[in-house]
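Asks: give me a 3D structure for the following:
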Amino acid sequence: MKDINIALAKGRVAKAAMELLINCGCTFKDYSKDSRKLIFHDEKNNIKVTLVKSPDVPVYVEKGAADAGIVGKDILMEDKFDVYELVNLNIGKCDMCIAGFASKMPDYSKKITVATKYPHITKEYFNKRGVLTDIIKLNGSVELAPIIGLSDVIVDIVESGKTLEENGLVVFEKIMPISARLITNKVSLKTKFDAIQWIIDTLESLVEKED
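Replies: Residues are numbered from 1 along each chain as shown. Below you'll find the predicted structure:
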């Protein structure tokens, strides 16, 4: 089988994805959940896994530095990438939500200020609802925005809701469910079809079993 390089989004998605790959029959001798290594090899199946930041996964795949990738749907929706999205792996499940203070429900008849890491998704959602917005892009700790008066509400990924709760915030509404997807480089899918198809088929069979 031809060498396949898979880019994984660091964090909980990478941990869940590695478990899936191991269940596919891959063996990564140096891998452990606490490892700080960024690259792991499965010599039997000629698979190399590279851990990168979530927003970089589709960039690696699009540019051909990786043949395939596993990354959250939120990343794929926020920016447009020239890749194939092939399998919903049903891992890294969470929701894209609108949140804020329970005592300050947003008045959508007026212009609202929204802080988010996802300005494109946010703008598109509110535009479809005819809500005027002033969108502020933040790169981290979005929960701080309404607390310090920077925004009326936030749009962010919510998994358990504990971070919101600890900061006195609540979910007003869910915009969409999010989960990790398998993506591939368009050229790689042609030149390494058999190897990538094996990964697709095996992962799909595991996802079906979990469902």
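Asks: start and end of stretch 186-201, how far apart?
Replies: 17 Å (Cα to Cα, to the nearest Å).
Asks: go ahead and flag the most central residue of the chain.
Replies: Compute the mean C-alpha point of the chain, and by Cα atoms, centre = their mean the closest residue is G72, 1.8 Å away.
Asks: just the element for K2, please.
Replies: K2 is located outside every helix and strand, with elements delineated by DSSP states H and E.
Asks: phi first, then psi, for N5.
Replies: Main-chain dihedrals, N5, degrees, to the nearest 10: phi -110, psi 120.
Asks: torsion angles phi and psi at the residue nearest to the centre of the chain?
Replies: Per degrees, to the nearest 10, the backbone of G72 is at phi -70, psi 150.
Asks: and it, how far is that from M176?
Replies: From G72 across to M176, the span is 12 Å (Cβ to Cβ, to the nearest Å). All C-beta atoms are positioned from the backbone trio N, CA, C, and that covers glycine.
Asks: what does A102 give?
Replies: For A102 relative to M176 (Cβ to Cβ), the value is 22 Å.
Asks: next one: D95
Replies: For D95, the distance to M176 - Cβ to Cβ - is 7 Å.
Asks: show me the strands in this protein, by range?
Replies: Secondary structure of the chain, counting by DSSP state E: strands at 4-9, 39-42, 47-52, 68-72, 84-88, 94-100, 112-116, 133-137, 153-158, 170-178, 180-184.
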